[in-house]
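Enquirer: Provided below for reference: sequence and predicted model.
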Amino acid sequence: MLTNRNIICISSIDWDFIWQGHQEIMSTFAKNGNRVLFIENTGVRAPRLKDVQRLKKRVINWVRSVRGFRQEMENLYIYSPLMLPFPFSRVAALVNRLLFIRPVLRWMKLMKFSDPIIWTFLPTGTALDIIDKIDGKLLVYYCIADFNELVKDPKKIMKTGEELVKKCDVIFAQGEVLKKRCEEFNRNVHIFPFGVKMEVFSGLNGAAAGVPEDMKGIKKPVIGYVGGIHRHIDFNLIKKISSAHPEWSVVMVGPVQTDVSCLEGLKNVFLLGKKDFSMLPGYVKEFDVCIIPYEVSGYTETVFPTKLNEYHAMGKPVVSTALPEVVGFNSRNGNIVGIGRTEDEFVARIEDAMGNKDDRLAGLRMESAENNSWTSRIEKMSGIIEEAIALKAKGPADWRESFRRIYNVSRKKALKAIAALSAGYLLIFHTPLIWIMAGPLKISQPPAVSDCVAVFGGGVGESGKAGQGYEERVGYAVELYKKGYSKNLIFSSGYKSFYNETLLMKALAMELGIPDSAIMLETDAANVYENVKFTKKILEERGWRSVMVVSSPYNMRRISLVFGKLGRNIGVKYTPLPNSSFYSHASGGVFDRQINIRQIRGILHEYIGIVYYWLKGWI
């Protein structure tokens, strides 16, 4: 068996949950001289209302421990992480690296917990994040359930599960169905159903156990079940057993994990709640027939119920629904389990078991349990792990083939990256995509006779260079003036390079034939909001009620939003430059409509400006 190793277990249950293979395997490793860090369940889905108690217990465990870490027994440490419980969210993954993966790395450093074997029961994105951050000696996956059946959208967990299986050095599978699925991506898969702890459930221990207090008032015969009372149990079958034989007592021992209101009013059905693992033999001893009443579904077709071996360890007859793994077990072990494929057949198999008191059958059951003991299971698992460690230490037998394979993977990744970048380049720079996205920014109305034309200066504007925006704006305003749309021009800009931009705009306008008396300057505006604010003030001072605004085409949406906030009583016509040289682009085929970086930056600047104005309350 493994010894003197460091082991990190990424568990699918919490340590204090029903005792299962998770706790059994890791506690056995710890007793054998290995140091184990048991990371409690990080989840396969987002939490629901019914998970509140479990989350509350997690918080309590974290508070009572040292930042989530506590020592359960010699060599075995439990980590109860506080985290964002969204195992497939990229944002949550980033936060969780700080919340709980970083503390794990610090704990490992403090404890000199180096080169660990990483053993995971979970195939989630969170599990992969932990695995990727830890430099481990070996990666082991114990595939005990079909997690695809436990989530609403299985695509994400299928993807991470496939990635995990490909990474693994060793895979243990609960049964044949799970083994075949894993073998699609990794050939090193071994079947290991959950075993039984014979020291607890042996016939001798059962005989020595006293009658539990809450069993003393329950009349015989007893049809018994031990385990979680969850949504995979066929409660209609329980009701059928109860009604078919009112003289029987149906006893269910385990935590209630789902709605059991359908069993209310059944006087011969008893739910006794969760019991300590060491007490279970005392209950099983009182059962005349043990049952496994699971529904047959996509999830349970991969399940091998641990309780089957626990029942058999005490020589008890067992009746089960037709779960594939139980049917397979039955065919390999002389049909010692009664299989009920319908409700009536299930009841009939219980009746058969009641009438058959053959001691030879009890011996066969105990013998099958002995063959499936956890001691035997863990010894065999350890041997496989040690072989894998030794093989990995030697390195690949054919380094040429390994190098070629690594090179091929890298080449494929590089080709995919180049293809993605090329597609992105063509899409952005040689299609109308950006112009389409910029479309909502553009407002263009036909000119109309107005009290004035307001020209908003460009400053460094969309081009990012001084003096490159105002000329064509002034030129278009002069054109509107000469066509008789207005006899007044307002130039608004507080931008200053060597001179205030409005002085340059005025000089150009006068050079183009506009009289000085027709031009007004607004020289304080530092942005569009102030362009509108100060222009509105000039309009009000002169009693003007209408204005045509001239600016760049894609600046018009922001201007209109500000006018909508400040100048609702003013008639505004948005008359941008009909042909802005800065925003010019070909109008031919798809691949002729080019855009450049500066144009993209100008359009992006407008969208950012709108968001900023909204946050400031200016629009």
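Expert: Right, received. Where do you want to start? Residues are numbered from 1 along each chain as shown.
Enquirer: now stretch 110-127: how far from the chain's centre is it?
Expert: Relative to the chain's own centre, stretch 110-127 is displaced by 19 Å; criterion: C-alpha atoms, centre = their mean, to the nearest Å.
Enquirer: Now for this structure, the helix or strand with the poorest mean pLDDT.
Expert: helix 203-208 (a mean of 52; mean pLDDT, DSSP states H and E).
Enquirer: Paired strands for the following helix or strand past it, with orientation please.
Expert: Per DSSP states H and E, the first helix or strand lying C-terminal to helix 203-208 is strand 222-226. Partners of strand 222-226 in the sheet, by DSSP bridges, are strand 249-253 (parallel), strand 289-292 (parallel).
Enquirer: Strand 222-226 - what's its average pLDDT?
Expert: Average pLDDT, strand 222-226: 97.
Enquirer: Most tightly packed of the strands paired with strand 222-226?
Expert: Mean neighbour count (mean count of other C-beta atoms under 10 Å) peaks for strand 289-292 among the strands paired with strand 222-226, with a mean of 25. Placement of C-beta: from N, CA and C, glycine included.
Enquirer: I'd like to know how far residue 553 sits from residue 175.
Expert: Counting by C-beta to C-beta, to the nearest Å, the gap from residue 553 to residue 175 is 66 Å.
Enquirer: With residue 124 instead?
Expert: Per C-beta to C-beta, residue 124 is found 21 Å from residue 175.
Enquirer: Ok, residue 237 next?
Expert: Plainly put, residue 237 is 22 Å away from residue 175 if you go by C-beta to C-beta.
Enquirer: partners of the closest residue to residue 316 other than its chain neighbours in the sheet?
Expert: Closest residue to residue 316 apart from its sequence neighbours, by C-beta to C-beta, 6 or more residues apart in numbering: residue 290 at 4.8 Å. According to DSSP bridges, the residues that bridge with residue 290 are residue 224, residue 318.
Enquirer: dump the residue contacts of residue 290.
Expert: Contacts for residue 290 (C-beta atoms under 8 Å, 6 or more residues apart in numbering) come out as 224-226, 284, 307, 311, 316-319.
Enquirer: what does residue 230 give?
Expert: Per C-beta under 8 Å, 6+ apart, neighbours of residue 230: 257-258.
Enquirer: What backbone torsions are found at it?
Expert: phi -120, psi -180 (degrees, to the nearest 10).
Enquirer: what's the answer for residue 286, then?
Expert: phi -80, psi -10.
Enquirer: correct me, but it touches residue 215?
Expert: Yes. At 5.1 Å, residue 286 counts as touching residue 215 under the criterion of C-beta atoms under 8 Å.
Enquirer: For stretch 568-576, what is the distance to the chain centroid?
Expert: Per C-alpha atoms, centre = their mean, the displacement of stretch 568-576 from the mean C-alpha position of its chain is 49 Å.
Enquirer: who's in contact with that stretch?
Expert: 442-448, 450, 476, 480, 536, 539, 545-553, 555-556, 559-560, 563.
Enquirer: circling back to that earlier point, between residue 286 and residue 215, what contacts are shared?
Expert: 222, 251.
Enquirer: Domain map for this structure?
Expert: If you go by automatic domain parsing, the domain ranges for the chain are 6-191, 198-372, 399-425, 437-616.
Enquirer: Least reliable of those domains by average pLDDT, please.
Expert: Looking at these, the weakest mean confidence is domain 399-425, a mean of 78.
Enquirer: which SS state does the residue nearest the centre of the chain fall under?
Expert: Centroid-nearest residue in the chain, with C-alpha atoms, centre = their mean: residue 88, separated by 1.4 Å. In three-state terms, and counting by DSSP: H, G, I helix; E, B strand; the rest coil, residue 88 is coil.
Enquirer: how about the nearest residue to it, chain neighbours excluded?
Expert: Of all residues not flanking residue 88 in the chain, residue 156 sits nearest, at 4.3 Å (C-beta to C-beta, 6+ apart).
Enquirer: quick check, the one you found in a strand?
Expert: No. Per three-state DSSP, residue 156 lies outside any strand segment and is helix.
Enquirer: How many residues are close by it?
Expert: 17 (other C-beta atoms under 10 Å).
Enquirer: can you pull out the helices in the stretch 251-400 of the chain?
Expert: Taking DSSP state H, counting those that start in this stretch, the helices of the stretch 251-400 of the chain run over residues 280-285, 306-313, 324-332, 343-355, 359-371, 374-394, 399-429.
Enquirer: Ok, the stretch 451-600 of the chain next?
Expert: Using DSSP H, counting those that start in this stretch, helices in the stretch 451-600 of the chain cover 470-482, 501-511, 528-542, 556-566, 597-616.
Enquirer: Including mean neighbour count and distance to residue 253, could those helices go into TSV?
Expert: Formatted as TSV, the helices of the stretch 451-600 of the chain follow (neighbours: other C-beta atoms under 10 Å; distance: least, C-beta to C-beta, whole Å):
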stretch	mean neighbour count	distance to residue 253
helix 470-482	20	84
helix 501-511	19	85
helix 528-542	19	72
helix 556-566	19	67
helix 597-616	15	59
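Enquirer: Ok, which of those comes nearest residue 242?
Expert: Nearest to residue 242, of all those, is helix 597-616, at 64.0 Å by C-beta to C-beta.
Enquirer: so what secondary structure elements neighbour that closest one?
Expert: Using 3 or more C-beta pairs under 8 Å, 6 or more residues apart in numbering; DSSP states H and E, the elements in contact with helix 597-616 are helix 433-438, helix 528-542, helix 556-566.
Enquirer: Mind doing that once more with 6 Å?
Expert: On a contact count with 3 or more C-beta pairs under 6 Å, 6 or more residues apart in numbering; DSSP states H and E, helix 597-616 meets no helix or strand.
Enquirer: what residues are up against residue 7?
Expert: By C-beta atoms under 6 Å, 6 or more residues apart in numbering, the residues touching residue 7 are 29, 34, 36, 116-117, 119.
Enquirer: just those now: which is nearest residue 324?
Expert: Nearest to residue 324 among these is residue 119, at 25.9 Å by C-beta to C-beta.
Enquirer: three-state assignment of residue 122?
Expert: Here residue 122 is recorded as coil under three-state DSSP.
Enquirer: Ramachandran angles for it?
Expert: Backbone dihedrals for residue 122, given as degrees, to the nearest 10, come out at phi -110, psi 140.
Enquirer: So what's the residue count around it?
Expert: Using other C-beta under 10 Å, residue 122 has 27 other residues around it.
Enquirer: Ok, residue 112 next?
Expert: Quick note: residue 112 (other C-beta under 10 Å) scores 8 neighbours.
Enquirer: Residue 526 now?
Expert: Around residue 526 there are 11 residues (other C-beta under 10 Å).
Enquirer: which residues sit in contact with it?
Expert: By C-beta under 6 Å, 6+ apart, the contact set of residue 526 is residue 494.
Enquirer: Can you report phi and psi for it?
Expert: Per degrees, to the nearest 10, the backbone of residue 526 is at phi -100, psi -10.
Enquirer: from the chain's centre, how far out does stretch 168-183 sit?
Expert: A distance of 23 Å separates the centroid of the chain from that of stretch 168-183, by C-alpha atoms, centre = their mean.
Enquirer: actually stretch 431-440, sorry about that
Expert: Distance, centroid of stretch 431-440 to centroid of chain: 33 Å (C-alpha atoms, centre = their mean).
Enquirer: Could you give the backbone dihedrals for the closest residue to residue 134 other than its chain neighbours?
Expert: With sequence-adjacent residues excluded and distances taken as C-beta to C-beta, 6+ apart, residue 134 is closest to residue 118, at 6.2 Å. Main-chain dihedrals, residue 118, degrees, to the nearest 10: phi -100, psi 120.
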